[in-house]
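Chemist: Provided below for reference: sequence and predicted model.
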Amino acid sequence: MKDLYQFFDDDSSTYTYLLTDADSKEAVIIDPVDQHLNQYMALLAEHDLKLRLVLETHAHADHITSAGALCSLTGARAATPVHCKITAAEIQLADGQSLTFGRQQVIQALHTPGHTAGAMSYYWNGKLFTGDSLLINGCGRTDFQNGDAGTLYDSITQRLFSYPDETLVYPCHDYDGNTSSTIGHEKRTNKRLAGKSRAEFIHMMDALDLPPPKMIDKAIPANMKLGLNIRHAAGS
């Protein structure tokens, strides 16, 4: 059994991560997608894993979460950033708050706003799960859900880039077949950040003029309720 499993949703180019503790057989999942509920449940059953926590990095606009369904099926607790106001989640995470699972596994929540006002990243065992804040050779957009380009620049350069260069980066999305990066690599080569001043970054982000995500009107209301207004069937 691996300590980290990575799933990919083709429709939204979303990565989901399952973190495990071999000694206790407890697990945590980050940013699950509704269409892959059965896949997650099958892997948990295959390795006899007990899901303890379901984490969201933010209220996603491009897919619907299966957080609520996973909690209902496994007894896990949902944890979401307090700034997102996803009140359906049992745990409202503040900046710097630690979560534990297994015997000695600790996850630290880092408020990294900018893509959205409530966005969070998670640090665990030398790995940063950066949501939509820091992508591989890119970053999340900043033009909805109270996003702000200057705030995102600060979140990335002052918080995420403060981790050692060898820290692994696992984003919520990738559109080019990449699965991970490192903080050092992103500092040196990220096309939106490397060598850019804060003012240059803000000007670039404000000029993107991107179309809205296709699912935004459906996804955000659903995700504010952990996807619980969507019908799920574990056997379907």
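Modeler: Looks like it came in fine.
Chemist: for His115, give me its contacts.
Modeler: Each residue near His115 by C-beta atoms under 8 Å, 6 or more residues apart in numbering is listed here: His58, Gly131, Asp132, Ser133, Cys139, Gly140, Arg141, Thr142, Gln145, Gly147, Leu152. The C-beta positions use only the backbone N, C-alpha and C, and glycine is treated the same way.
Chemist: tell me the one of these nearest Ile216?
Modeler: Using C-beta to C-beta, Gln145 comes nearest to Ile216 of those, at 9.1 Å.
Chemist: quick one: low-confidence parts of the protein?
Modeler: 229-236 (pLDDT under 70).
Chemist: can you give me the strands in the protein?
Modeler: Listed in chain order, the strands of the chain (DSSP state E) span 4-9, 14-21, 26-30, 50-55, 77-81, 91-93, 98-101, 105-111, 120-124, 127-131, 134-135, 138-139, 168-171, 181-182.
Chemist: and the contacts of His115 as CSV, adding distance to Thr20 and neighbour count?
Modeler: Shown next, in CSV, are the contacts of His115 (distance: C-beta to C-beta, whole Å; neighbours: other C-beta atoms under 10 Å):
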residue, distance to Thr20, neighbour count
His58, 23, 28
Gly131, 20, 29
Asp132, 24, 28
Ser133, 24, 28
Cys139, 29, 27
Gly140, 27, 25
Arg141, 32, 20
Thr142, 33, 25
Gln145, 31, 19
Gly147, 33, 20
Leu152, 31, 28
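Chemist: how about these in TSV, adding distance to Gln92?
Modeler: What follows is these, written out as TSV (distance: C-beta to C-beta, whole Å):
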residue	distance to Gln92
His58	14
Gly131	17
Asp132	20
Ser133	19
Cys139	25
Gly140	22
Arg141	25
Thr142	24
Gln145	17
Gly147	21
Leu152	22
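Chemist: out of the residues you listed, list just those in helices.
Modeler: Leu152 (DSSP state H).
Chemist: and the strands of the chain: which comes nearest Lys191?
Modeler: When the strands of the chain are compared by C-beta to C-beta, strand 138-139 sits nearest Lys191, at 6.8 Å.
Chemist: other SSEs contacting the closest one?
Modeler: Contact partners of strand 138-139 among helices and strands, from 3 or more C-beta pairs under 8 Å, 6 or more residues apart in numbering; DSSP states H and E: none.
Chemist: neighbouring strands of it in the sheet, and parallel or not?
Modeler: According to DSSP bridges, strand 138-139 forms sheet pairs with strand 134-135 (antiparallel).
Chemist: from the middle of its chain, how far away would the partner strand be?
Modeler: For strand 134-135, the separation from the chain centroid amounts to 10 Å (computed by C-alpha atoms, centre = their mean, to the nearest Å).
Chemist: now swap in stretch 69-79 and tell me
Modeler: Stretch 69-79 sits 17 Å away from the centroid of its parent chain (C-alpha atoms, centre = their mean).
Chemist: check which residues of it are buried.
Modeler: In terms of neighbour count (16 or more other C-beta atoms under 10 Å), stretch 69-79 has its buried residues at Ala69, Leu70, Cys71, Leu73, Thr74, Ala76, Ala78, Ala79.
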